[in-house]
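Participant: 3D model of this:
(one chain, ligands or ions: 2)
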Amino acid sequence: MEALDYHAEERRKAEFDVEEMKIVWAGSRQAYEISDRVARLVASDPVFRKDNRTMLSRKDLFKDTLRKAAHAWKRIIELRLSEEEASKLRFFVDQPVFTDLHWGMFIPAIKGQGNEEQQQKWLPMAYKMQIIGCYAQTELGHGSNVQGLETTATFDPETDEFVIHSPTLTSSKWWPGGLGKVSTHALIYARLITDGQDHGVHGFIVQLRSLDDHLPLPGITVGDIGMKFGSGAYNSMDNGVLRFDHVRILRDQMLMGVSQVTREGKFMQSDVPRQLVYGTMVYVRQKIVADASCALSRAVCIATRYSVVRRQFGSHNGGPETQVIDYKTQQSRLFPLLASAYAFRFVGEWLKWLYTDVTQRLQASDFSTLPEVHACTAGLKSVTTSATADAIEECRKLCGGHGYLSSSGLPELFAVYVPACTYEGDNVVLLLQVARFLMKTVSQLGSGKKPVGTIAYMGRSEHLLQCRCEVERAEDWLKPNVILEAFEARAARMSVTCAKNLNNFANQEEGFAQLATDLAEAAVAHVQLIIVSKFIEKLQQDIPGKGVKRQLEILFNVYALSLLHKHLGDFVASGCITPKQGALANEQLRLLYSQVHFDNPSLLLYMVLLLERLLQSTSF
Ligand SMILES: CCCCC/C=C\C/C=C\C/C=C\CCC(=O)SCCNC(=O)CCNC(=O)[C@H](O)C(C)(C)COP(=O)(O)OP(=O)(O)OC[C@H]1O[C@@H](n2cnc3c(N)ncnc32)[C@H](O)[C@@H]1OP(=O)(O)O
Ligand SMILES: Cc1cc2nc3c(=O)[nH]c(=O)nc-3n(C[C@H](O)[C@H](O)[C@H](O)COP(=O)(O)OP(=O)(O)OC[C@H]3O[C@@H](n4cnc5c(N)ncnc54)[C@H](O)[C@@H]3O)c2cc1C
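Facilitator: Numbering: from 1, shown residues only. Ligands and ions are numbered 1, 2, ... in the order given. Predicted coordinates for the structure are as follows:
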């Protein structure tokens, strides 16, 4: 019987409530219904086809992208889609395009850093797309180091204007999406200078092109930076270059929500942390985490379906060859990726809550959770995008030669996805930000300041630095509290060890430079603990649907134990677990995989069907 026919048979028996799992994946019934409705809308509209994307020239690809963006906008208006539905539709169009930055950064920056008047002036035009904006922060010479940006915004009290200028070649704005051809305006991050004094980097709204003929305005040199990685991929986006030759803008075009310049040219830093200027990046980083789970689930869906259907070797007396999903090596490479998709989904849900919470706190001038939000968004963006990029490549390999075909979907998915490890903050640079947060927390232990939130475990570091993992049998590793304590102990010990070693250096900066690699690894341990703990919290919630919670528990154990296996060196070297306990964790992992491989072949397909159906519930 063909595997697919088998599936038909097994589907009828499936205990597992797929519809409920789809709702778990979507986050709510309403979210699922919106996603499902919009996904069908896009899939049924021939204008949104994307099967030809990799065959088009750059120019035709860009025209095709503009056509899709215009059609998407037309459908949003015609169908009176809500902001959530419109965002979903743009997401399902699934092609990097200028609107990602207009809606994803330009508008959020004005909302987050503009004052009331500026929001009232600019947002209505932006919402109606009467102006199209981009986020122009990165320069040819500086991307990670925002404080190193060179573009200047010099206040002229004579005319009540700022003069925007690109003083050097390296000050050319470089990379902003939507800049090369489409944007009429840009949010420019530049050094604010008043009366000869440099006040650091602030945001300015600058018009780049005429709203009549779309030509660059006087003093503006702008264009596209050319082909990027892959054929289709990000080449649908007009990432651009921009230079200013003493371009004058009105004073009220400086975003004044965080700091102000008076008519007299006096710089006023309101009593908010200067880092609020970075707020848009924090916002996008939290969105990128949820996006990682989507990209990862798509790759794993392709690789699972291939693994279930592909047969290779193992034929006995003329019978069918073995399904490659039966091979332990295929399972040990594939199943952790499926589990990661769910792990990233749930931590992304929590991160969205954390971001919403800090936004409400900021409105009440409560900045207490800002450092943790920065550390969480930076760390989770770094860890989930690195893991997802690696996973998409692994899924390509899991599909043998066919994975390298464009028609598999994997090459394009990889080429579009991998810049997520760089944009919105290079992943290593962001890990070092997390490390800075960890070292600051460790330095305050014993000061009476109790660590809270995702770093609360550091308050139990005395216990965590000496506890012994209570594992004597493989099945002991199925206890969430045992897993949680092992991950807490590893993270605490790695951070405390770094903090102690920093003391061996003349100063913190030198120590940080010398120990950067250890610090980045300690940051990864902390972030992976957050992901594990949020998965556990998800399992503690009421999860309806027959068999759904059971499947999620299996996925949690696969996720946590495969991570422990991958980082066994950390766990053993820091003394959290013994080599024997590490071996028991591996044994339990094999048992979890082998749950798919009961003697009864129909149960094998049943469990594979579950995985496939889990994936189907991740079709968006
Ligand atoms: C399809 C849907 C996908 C979802 C995405 C949706 C839309 C977008 C679509 C796609 C994205 C496409 C393109 C992306 C666009 C971009 O790439 S925009 C540019 C992104 N650039 C960056 O991310 C730059 C990274 N660099 C930085 O953020 C900063 O330079 C730095 C590394 C943080 C250092 O800053 P600096 O001012 O030097 O600070 P320092 O390290 O000295 O730290 C001082 C203290 O400030 C704290 N801090 C730093 N940043 C923040 C922050 N963001 N929030 C709060 N606090 C912050 C830091 O922790 C220090 O605190 P201490 O208490 O003093 O330790
Ligand atoms: C597809 C794409 C779209 C983009 N869209 C936009 C956009 O719309 N708007 C915008 O403003 N920008 C955009 N960017 C730019 C992006 O934000 C930057 O490229 C990113 O912030 C990284 O900065 P960088 O290029 O300067 O890399 P660098 O910081 O130069 O990184 C290069 C290497 O140096 C290492 N490194 C740097 N600093 C340190 C340090 N202190 N310690 C240890 N290692 C370090 C990094 O880890 C990395 O390995 C985009 C980039 C891409 C690829």
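Participant: and the chain, which residues reach ligand 1?
Facilitator: For the chain, the residues in contact with ligand 1 under the definition CB under 6 Å from any ligand atom are 91, 100, 104-105, 135, 137-138, 143-147, 177, 275, 278, 281-282, 284, 287-288, 291, 370-371, 374, 423-425, 429, 433, 436-437, 440. (Glycine included, C-beta is placed from N, CA and C.)
Participant: Near ligand 2, list only the ones from those.
Facilitator: When CB under 6 Å from any ligand atom is applied, the members of the residues of the chain next to ligand 1 adjacent to ligand 2 are 135, 137-138, 143-144, 177, 423, 425, 429.
Participant: Okay, and which of those residues map to helices?
Facilitator: By the criterion of DSSP state H, membership of these in helices covers Val429.
Participant: Could you identify the buried members of the ones next to ligand 2 among the residues of the chain next to ligand 1?
Facilitator: When these are checked for burial by 16 or more other CB atoms under 10 Å, the buried set is 135, 137-138, 143, 177, 423, 425.
Participant: now, which of those residues sits nearest ligand 2?
Facilitator: Distance to ligand 2, by CB to the nearest ligand atom, is smallest for Gly143 among these, at 2.4 Å.
Participant: isn't that closest one right up against Asp426?
Facilitator: Yes. Assessed by CB atoms under 8 Å, Gly143 is found in contact with Asp426 at 7.4 Å.
Participant: if we can go back for a sec, buried ones among the residues of the chain next to ligand 1?
Facilitator: Members of the residues of the chain next to ligand 1 that pass the buried threshold by neighbour count (16+ other CB under 10 Å) are listed as 91, 100, 104-105, 135, 137-138, 143, 146, 177, 278, 281-282, 284, 287-288, 291, 370-371, 374, 423-425, 433, 436-437.
Participant: before we move on, back to that, pull the most distant pair out of the buried ones among the ones next to ligand 2 among the residues of the chain next to ligand 1.
Facilitator: By the measure CB to CB, Gly177 and Gly425 form the most distant pair in these, at 15.0 Å.
Participant: now for the helix or strand where Val572 lies, which elements pack on it?
Facilitator: With elements taken from DSSP states H and E, the one containing Val572 is helix 568-573. Applying 3 or more CB pairs under 8 Å, 6 or more residues apart in numbering; DSSP states H and E, we find helix 568-573 packed against helix 480-502, helix 579-594.
Participant: run the last query once more with 10 Å
Facilitator: In terms of contacts (3 or more CB pairs under 10 Å, 6 or more residues apart in numbering; DSSP states H and E), helix 568-573 is packed against helix 480-502, helix 516-539, helix 548-566, helix 579-594.
Participant: so what's Ile455 up against?
Facilitator: For Ile455, the contacting residues are 371-372, 375-376, 437-438, 440-442, 491-492, 495, 526, 529-530, taking CB atoms under 10 Å, 6 or more residues apart in numbering as the criterion.
Participant: ok, now with 7 Å
Facilitator: When contacts are counted by CB atoms under 7 Å, 6 or more residues apart in numbering, Ile455 touches 372, 441.
Participant: One more: Leu555?
Facilitator: Under the criterion of CB under 7 Å, 6+ apart, the contact partners of Leu555 comprise 338-339, 342.
Participant: Now do it against ligand 1, distance only.
Facilitator: Leu555 sits 24 Å away from ligand 1, taking CB to the nearest ligand atom, to the nearest Å as the criterion.
Participant: sorry, back to before: which residues touch the helix holding Val572?
Facilitator: Helix 568-573 has contacts (CB under 7 Å, 6+ apart) with 486, 490, 494, 525, 564, 577, 579, 582.
Participant: and Arg305, how many neighbours?
Facilitator: Taking other CB atoms under 10 Å as the criterion, the count of residues near Arg305 is 18.
Participant: Likewise for the one 3 residues further on?
Facilitator: Neighbourhood size, Val308 [other CB under 10 Å]: 22.
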